[in-house]
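Trainee: Using only what follows, build the 3D model:
(2 chains)
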Amino acid sequence: DAGVIQSPRHEVTEMGQEVTLRCKPISGHDYLFWYRQTMMRGLELLIYFNNNVPIDDSGMPEDRFSAKMPNASFSTLKIQPSEPRDSAVYFCASSRDVTDTQYFGPGTRLTVL
Amino acid sequence: AQSVSQHNHHVILSEAASLELGCNYSYGGTVNLFWYVQYPGQHLQLLLKYFSGDPLVKGIKGFEAEFIKSKFSFNLRKPSVQWSDTAEYFCAVNNNNNDMRFGAGTRLTVKP
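Mentor: Residues are numbered from 1 along each chain as shown, chains lettered A, B, ... in the order given. Okay, here's the model as predicted:
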C-alpha cells in the first residue's frame, strides 16, 4: 500500500481565497483524521470520520472550515475564506480502529498571504 | 477536560546522553498510549505503543516507554541518544470512548 496520500504538498494562496486539501486513506482503514500543526498550538485534531461519517468535529476552528468524506477512499478539508492565521501544516491520518495506530500522510503545508 | 501534557517543549542533549521525555494524561479508565516521532521534513510515524500487558514497552531505534498507571504517565526513554534522534516527539492517548488526543510535542535536538 502507498500509505496515506495527501495533495497538494504545498499550497500558497492569498487571504480570502478558497483552499481545498485532499486525502486518500489507506485501503481498509475505517477511520480518517484531519490534524493541524502549528508552532504555537502543536498538533490539533480537527475532525475525524468513521466509515465516511463525521464523528467528532469539535476541533474545527470555525465555520470557515468544512470537511467531507464522500467515499471510503477520499476526503477533503476546505477553508473558505482563508486567512493568514490558517497557515499551518495539515495532516491526514487513517487507522483500522479508533484505538489503533494512526498512519499519517506527508502533510500539506499551507501558507496564506 | 481530558488532556495530554508534555512538559518539555524543547530538549537539547549531546550525543550519548540519556533521554527521558515526560507525558502525563488526565483520562480515567482504560487507555491506549502511543509515542509518535516526526523527523525533520517528514510525517509522523509510530515509535511505540501500549495497549495492555507489560507496562515497559520497547519500540524502534532503542526507545522504550513505561506506563505508570498510578501516576497517569507514559514517559519515553532512551539510554544513549544519537544525532539522528533529532526530531519532534508526540505522546498520544486514547480511550474506549473514541477520544484520541495528542500532546503538544517535545522538540529534541541532539548535538553531535
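
Trainee: what's near enough to touch the residue in chain B positioned nearest to chain A?
Mentor: Ranking the residues of chain B by distance to chain A (CB to the nearest CB) places residue B:104 first, at 3.5 Å. To be clear about C-beta, it is placed using only N, CA and C from the backbone, and glycine gets the same treatment. Residue B:104 makes contact with A:41-43, B:6, B:9 under the criterion CB atoms under 8 Å, 6 or more residues apart in numbering or on different chains.

Trainee: now swap in residue A:3 and tell me
Mentor: Neighbouring residues of residue A:3 by CB under 8 Å, 6+ apart: A:26, A:103, A:105.

Trainee: what about the residue nearest to the spatial centre of chain A, which helix or strand?
Mentor: The centroid of chain A falls nearest to residue A:34 when counting by CA atoms, centre = their mean (3.4 Å). In this structure, residue A:34 is located in strand A:31-38 according to DSSP states H and E.

Trainee: Excluding residues flanking it in the chain, which one is nearest the residue of chain A found nearest chain B?
Mentor: Using CB to the nearest CB, residue A:42 is the residue of chain A that sits closest to chain B, at 3.5 Å. If the residues on either side of it in the chain are set aside, residue A:42 comes closest to residue B:104, at 3.5 Å by CB to CB, 6 or more residues apart in numbering or on different chains.

Trainee: Number of residues surrounding residue A:71?
Mentor: Around residue A:71 there are 8 other residues, counting by other CB atoms under 10 Å in any protein chain shown.

Trainee: Quick check: phi and psi at the nearest residue to it once chain neighbours are set aside.
Mentor: Distances taken as CB to CB, 6+ apart put residue A:52 closest to residue A:71, at 6.4 Å, once the chain neighbours are dropped. Dihedral angles of residue A:52 (phi, psi; degrees, to the nearest 10) stand at phi 80, psi 0.

Trainee: and residue A:52, how many neighbours?
Mentor: For residue A:52, the neighbour count with other CB under 10 Å is 15.

Trainee: and if you look at the one 5 residues further on?
Mentor: The local packing of residue A:57 (other CB under 10 Å) involves 15 other residues.

Trainee: Tell me the pLDDT of it.
Mentor: At residue A:57 the predicted local distance difference test score is 89.
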